[in-house]
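Asker: Quick one: sequence plus predicted model below, questions after.
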Amino acid sequence: MAETPAPENLEGERKTVTALFADIKGSTELEQDLDPEEARGIIDPALKLMIAAVNRYDGYVVQSTGDGIFAMFGAPVAHEDHPQRALYAALRMQEDLRRYAATLRERGRAPLEIRVGVNTGEVVVRAIQTAAGHAEYTPIGHTNNLASRMQTVAPTGSVAATEHTRRLCEGYFTFRSLGPTRVKGVSEAVTVHEVTGLGPLRTRLQASARRGLSKFVGREPELKQIKRALELAKNGRGQLVAAVGEAGVGKSRLFFEFRAAGQPGCLVLETLSVSHGKASAYLPLVDLLKNYFEITPDDDARQRREKIGGKILILDRALEDTLPYLFTLLEVAESDDQIARLDPEIRRRRTLDAIKRLLLRESLHQPLVVLFEDLHWVDEGSRALLNLLAESLGTARVLMLVNYRPEFTHNWGNKTYYTQLRLDPLGTESGEEMLNALLGDGAELAPLKQLIVEKTEGNPLFIEEIVQELFEQGTLVRNGAVKLAKSLATIQIPSTVQAVLASRIDRLPPEQKDLLQTLAIIGKEFPLRLVREVSGKSDDELDGLLAGLQTAEFIYEQPAVGDVAYVFKHALSQQVAAGSALMERRRVLHERVARVLEAQFPETVETQPELIAHHYTEAGLGAQAIPYWQRAGERALQRSANLEAIDHLKKGLELLGSRPDAQGRIATQEAQRYSLLVVLGEAQFQAGEFLEARETLLRAADVAQS
C-alpha cells in the first residue's frame with residue numbers, strides 16, 4: 001500500500017496521534033567494522049521492512065534516521081484505531097526483522113535486532129517547506145519525545161509502550177509491565193509496558209463485553225424484524241438484512257443480542273472487516289471459512305487440509321472440485337499447486353464461486369445465518385462474494401446479516417428479500433434508561449445524565465465511553481451507589497470517541513474541513529448570515545460547502561425566522577472540530593465572530609450578551625468581554641435567573657483580576673469591579689433567599705407528612 005501523502009498548504013492543526021520510533025541496535029558498531037557500501041547493503045533492507053510495516057497499516061513515515069525510522073499513526077488522516085495500528089506495525093516489524101536476521105546468519109553475518117518505542121498523545125502537525133517543491137509534514141510535541149524515549153528503554157528485539165497507549169490497546173494486545181522508569185526530560189517516573197503479542201479482542205464490542213455490557217435498550221423493533229427474517233429464511237425464502245447507522249449507534253450490539261437469543265437448528269457463521277484490512281485481500285472470507293471448517297491457530301497445514309477435505313467430502317462429493325481453490329485461499333495448498341499458476345482473474349472468479357457453492361449446499365443440510373460486520377471497511381474480493389451471494393438468496397435457506405455505516409453503498413436495494421434497518425441514536429427516554437442502568441436512578445445524578453444525553457445525542461457508544469472516562473478520572477466513584485466526587489464544569493471527550501469523530505472529520509475535502517472548524521468556533525447553532533460574514537466566502541462557494549457538510553451529516557438545516565440557520569448534529573463533533581484548530585486560529589475566529597455579532601446582530605447584543613462575552617473572552621480580549629459579562633449578569637438577574645447571573649458576573653470579575661494594573665487603568669478597573677460586585681451581591685442575595693425559602697418549604701413538607 002502506498003504511503004499516505006502529506007497534505008498541501010497545511011497551516012497546522014492539533015491532532016491526537018500515536019508516534020513510533022524504531023532503531024537498529026548496534027548499527028554504529030556494524031558500520032565501524034564494514035565498508036560503507038557493505039553496511040548499507042545490510043541496513044537498507046531492514047529499513048525497507050520497517051517502512052513497509054508502517055505503510056501496511058496506513059501510518060506515515062515522518063523521517064528515516066539512517067539506522068531507524070520515525071513514524072506516526074492518526075495523521076495526516078485520522079484513524080479511529082491508530083494506537084492499535086501502531087502496535088500491529090511494531091509487531092510486524094519485529095517479526096520481519098527476525099526473519100531477515102535469520103538470512104544474515106545463513107550468510108555468516110551478525111544478525112540485526114531492533115527496538116521499537118510507541119506513545120499516544122496530542123501534537124501539533126504542520127507542513128514545513130524545506131526546499132522548492134518539497135515540504136515535510138512534521139509533528140511537534142512531547143508525545144514524540146516520549147515515544148523516542150520508549151525506544152531507548154525497550155529491551156533489544158522488543159516493543160515498549162507508555163501507559164496511555166497500553167490503556168487504549170488493552171485486550172487487543174498483551175503486555176508485560178516493565179515498571180516505573182526514569183526517562184530523560186520527564187520529571188516523574190514513566191510506567192513502561194512491553195508489548196508481548198496479540199490479545200483475544202478484535203472489536204470494540206468485545207472490549208465493551210469484557211468490562212460488562214450496558215443494558216440493551218431501544219432496539220426491540222429491529223430485533224423482532226431480524227427474527228422474522230430468520231423464520232422466512234428457514235422456510236426457503238432467503239433474506240438479506242442490513243443494519244445501517246453511524247459509528248457507535250449499536251449495529252454490532254444488535255447482532256450480538258440476536259446471537260445471544262439463540263438460533264436452534266441453524267449454523268451461524270460470523271466474520272468482520274477491520275479498518276486496516278483492505279491491505280489484506282479476502283481477510284473476512286478467510287476468517288469465515290476458518291470458522292466453518294473449525295480451523296484453530298494450532299493446526300498445521302496437514303491438519304487444516306484434512307479438516308477442509310474431510311468436511312467437503314462428507315457434505316457433498318460434487319464439491320470436490322472446490323478443494324484446490326479453498327486450499328489456496330487458506331494457504332495450505334501443495335507447493336506444486338497448479339491453481340496458483342492460473343490467470344488471477346480466473347482464479348478469483350472460481351474461488352468466489354467455490355465459496356458460494358459451499359455455503360448454498362450447506363444451507364440444504366441446515367439453515368444458515370451468515371453474519372458479516374463492518375462492510376464500510378470491506379476489501380474488494382470479499383465484497384465480490386457478498387454481491388454473488390446476494391444474487392442467489394431468493395430460494396435458499398440463508399439469512400445474510402450485514403451492517404455498515406452510511407458511506408457504504410451497494411446495489412441490493414431492489415431485491416424483494418432485502419430489508420434495511422436504520423439505527424438512529426437513542427431517544428431521550430432510552431438514553432436515560434441506559435444511564436439509569438449504568439449509574440443508578442439517584443436524583444442527584446439527574447443533571448449529569450441530562451448533560452451526557454445532550455452531549456452524545458443518544459449515541460450508545462459515546463454514552464458508555466463518557467461514563468467510563470468519568471469513573472477513570474475519579475469524577476464518579478462507586479461505593480455502593482454512584483456518587484459525583486468532583487465538580488463537573490465540562491465533559492472531556494474520551495480518546496476513543498475523539499478518534500471516531502476525528503476520523504470522520506479528516507475524510508472531508510480540505511475546504512469543507514476548514515469551514516467545519518470555523519462553524520465549530522461560531523457555536524453549536526449558527527445563522528447563515530453570520531457564517532457568510534465570518535468565513536468571507538462567496539454565496540455560491542458557501543452554499544456548496546454547507547451542502548457537503550449536510551450530506552455528510554455533520555450539520556443540519558433547521559427552521560428559523562427570517563434567515564436560514566444550521567445546527568451541529570453532535571455537540572461532540574463540534575468540540576472535536578474546534579479543538580483541532582490551533583489556538584491562534586481559534587483566537588482570530590472568536591474575535592471575528594464577536595465583532596460581527598456586535599456590529600451586525602443588535603438582537604444578539606440585546607438578548608444574548610453572554611454569547612459576545614464568550615467570544616471576546618476566548619479571543620483573549622478581556623477588556624471587550626467584561627461589559628458584556630456585566631450586561632449578561634444584569635439581564636439574568638432581571639429574569640430571576642440568579643445562579644446564571646452569578647456565573648456570568650464571576651467570569652467578568654475573573655477577567656478583571658487577570659488584567660495588568662497599569663497606572664492609567666486602575667480607576668477604571670476599580671469602577672468596573674465595584675459595579676460587578678454590586679450586581680453579583682444582589683444576585684447572590686436573591687439566590688440565597690430562594691434557597692432559604694426552598695429549605696423552609698421542604699421542612700414544612702416533612703412536618704406535614706409526619
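Answerer: Perfect, thanks for sending it.
Asker: how close does residue 20 sit to residue 13?
Answerer: 20 Å (CB to CB, to the nearest Å). For glycine as for every other residue, the C-beta is placed from the backbone atoms N, C-alpha and C.
Asker: out of these two, which sits in the more crowded spot?
Answerer: Between residue 20 and residue 13, counted using other CB atoms under 10 Å, the more crowded position is residue 20 (34 against 21).
Asker: Quick check: beta-bridge partners of that one?
Answerer: residue 71, residue 118 (DSSP bridges).
Asker: That one: what's it in contact with?
Answerer: 54, 59, 69-73, 86, 89-90, 116-118, 147 (CB atoms under 8 Å, 6 or more residues apart in numbering).
Asker: what's the pLDDT at it?
Answerer: In this model, residue 20 is scored at 98, pLDDT.
Asker: and if you look at residue 493?
Answerer: So residue 493 comes in at 86 (pLDDT).
Asker: Surely it is in contact with residue 577?
Answerer: No. Under the criterion of CB atoms under 8 Å, residue 493 is not in contact with residue 577, lying 11.3 Å apart.
Asker: Compare neighbour counts for these two and give me the winner.
Answerer: residue 577 (25 against 22).
Asker: So which residues of the stretch 401-550 of the chain form helices?
Answerer: Using DSSP state H, counting those that start in this stretch, the helices assigned to the stretch 401-550 of the chain run over residues 428-439, 446-456, 460-472, 495-506, 510-522, 528-535, 539-551.
Asker: wait, I meant the stretch 251-400 of the chain
Answerer: Ranges of helices within the stretch 251-400 of the chain are 251-260, 283-293, 301-315, 323-329, 344-365, 380-390, based on DSSP H, counting those that start in this stretch.
Asker: Can you pull out the low-pLDDT segments for the protein?
Answerer: 1-11, 26-33, 129-135, 278-279, 335-337, 489-490, 560-562, 642, 658-706 (pLDDT under 70).
Asker: center of it, which residue is that?
Answerer: residue 500 (2.2 Å; CA atoms, centre = their mean).
Asker: sorry, back to before: tabulate the helices of the stretch 401-550 of the chain (JSON lines), appending distance to residue 98.
Answerer: What follows is these, written out as JSON lines (distance: least, CB to CB, whole Å):
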{"stretch": "helix 428-439", "distance to residue 98": "45"}
{"stretch": "helix 446-456", "distance to residue 98": "45"}
{"stretch": "helix 460-472", "distance to residue 98": "36"}
{"stretch": "helix 495-506", "distance to residue 98": "31"}
{"stretch": "helix 510-522", "distance to residue 98": "41"}
{"stretch": "helix 528-535", "distance to residue 98": "54"}
{"stretch": "helix 539-551", "distance to residue 98": "47"}
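Asker: picking that back up, with residue 210 as the reference, measure out to the residue nearest to the centre of the chain.
Answerer: 19 Å.
Asker: Pull stretch 230-238 out as PDB, backbone CA atoms only.
Answerer: Provided in PDB are the C-alpha atoms of stretch 230-238 (Å, rounded to 0.1, in the frame of the first residue of the first chain):
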ATOM      1  CA  LEU A 230     -34.900 -15.800  10.100                       C
ATOM      2  CA  GLU A 231     -38.300 -17.500  10.100                       C
ATOM      3  CA  LEU A 232     -38.700 -16.700   6.400                       C
ATOM      4  CA  ALA A 233     -35.200 -18.000   5.600                       C
ATOM      5  CA  LYS A 234     -35.800 -21.200   7.400                       C
ATOM      6  CA  ASN A 235     -38.800 -21.800   5.100                       C
ATOM      7  CA  GLY A 236     -36.600 -21.400   2.000                       C
ATOM      8  CA  ARG A 237     -37.200 -17.700   1.400                       C
ATOM      9  CA  GLY A 238     -33.600 -16.300   1.800                       C
END
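Asker: for that stretch, the distance to its chain's centre please.
Answerer: 37 Å (CA atoms, centre = their mean, to the nearest Å).
Asker: Could you do stretch 523-534 as well?
Answerer: 28 Å.
Asker: Would you check how far apart the residue nearest to the centre of the chain and residue 456 are?
Answerer: Counting by CB to CB - residue 500 and residue 456 are separated by 12 Å.
Asker: returning to what we had before: who wins for proximity to residue 430 among the helices of the stretch 251-400 of the chain?
Answerer: Of all the helices of the stretch 251-400 of the chain, it is helix 251-260 that lies closest to residue 430, at 12.8 Å by CB to CB.
Asker: Of the contacts of residue 20 - the most surrounded one?
Answerer: Greatest neighbour count in those, by other CB under 10 Å, goes to residue 86: 33 neighbours.
Asker: So that residue sits against residue 60, correct?
Answerer: No. Assessed by CB under 8 Å, residue 86 is found out of contact with residue 60, at 11.0 Å.
Asker: any residues in contact with both of these two?
Answerer: Counting by CB under 8 Å, 6+ apart, the residues touching both residue 86 and residue 60 are 71, 73.
Asker: can I assume residue 100 is in contact with residue 113?
Answerer: No. In this structure residue 100 lies outside contact range of residue 113 using CB under 8 Å: 10.3 Å.
Asker: Okay, residue 293 and residue 638: tell me how far apart.
Answerer: For residue 293, the distance to residue 638 - CB to CB - is 75 Å.
Asker: Sorry, wrong one. I was asking about residue 184.
Answerer: Counting by CB to CB - residue 184 and residue 638 are separated by 59 Å.
Asker: Kindly report the same for residue 616.
Answerer: Look at residue 616 and residue 638: by CB to CB, they are 22 Å apart.
Asker: what about the two, which has more around it?
Answerer: Neighbour count, other CB under 10 Å: between residue 616 and residue 638, residue 616 has more, with 26 against 9.
Asker: Isn't that one up against residue 593?
Answerer: No. With contact defined as CB under 8 Å, residue 616 does not count as touching residue 593 (9.3 Å).
Asker: got CSV for the helices of the stretch 251-400 of the chain, with mean neighbour count and distance to residue 451 too?
Answerer: As requested, the helices of the stretch 251-400 of the chain are exported to CSV (neighbours: other CB atoms under 10 Å; distance: least, CB to CB, whole Å):
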stretch, mean neighbour count, distance to residue 451
helix 251-260, 20, 23
helix 283-293, 20, 39
helix 301-315, 15, 53
helix 323-329, 20, 51
helix 344-365, 17, 48
helix 380-390, 18, 41
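Asker: quick one, which of these is nearest to residue 609?
Answerer: Closest to residue 609 of the helices of the stretch 251-400 of the chain, according to CB to CB: helix 251-260, at 44.2 Å.
Asker: Measure how that closest one sits relative to helix 460-472, angle-wise.
Answerer: 100 degrees (axes from the mean of the first three to the mean of the last three CA atoms, to 10 degrees).
Asker: roughly how far is helix 251-260 from the heart of the chain?
Answerer: 21 Å.
Asker: Just list what that helix packs against, helices and strands only.
Answerer: Counting contacts by 3 or more CB pairs under 8 Å, 6 or more residues apart in numbering; DSSP states H and E, helix 251-260 packs against helix 204-211, helix 220-234, strand 239-244, strand 368-373, strand 398-404.
Asker: Quick check: which helices or strands does the fourth one pack against?
Answerer: Translated: strand 368-373. Going by 3+ CB pairs under 8 Å, 6+ apart, strand 368-373 lies up against helix 251-260, strand 267-272, helix 283-293, helix 344-365, strand 398-404.
Asker: Including distance to residue 315, could these go into a markdown table?
Answerer: Below are the helices and strands packed on strand 368-373 laid out as a markdown table (distance: least, CB to CB, whole Å):
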| stretch | distance to residue 315 |
| --- | --- |
| helix 251-260 | 24 |
| strand 267-272 | 11 |
| helix 283-293 | 10 |
| helix 344-365 | 6 |
| strand 398-404 | 15 |
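Asker: which one of these lies closest to residue 435?
Answerer: Closest among the helices and strands packed on strand 368-373, using CB to CB: helix 251-260, at 16.0 Å.
Asker: Could you list the residues in contact with the closest one?
Answerer: 203-205, 209, 213, 216, 219, 222-223, 226-227, 243-245, 268, 270, 371, 373-374, 401, 403-404, 421, 423, 460.
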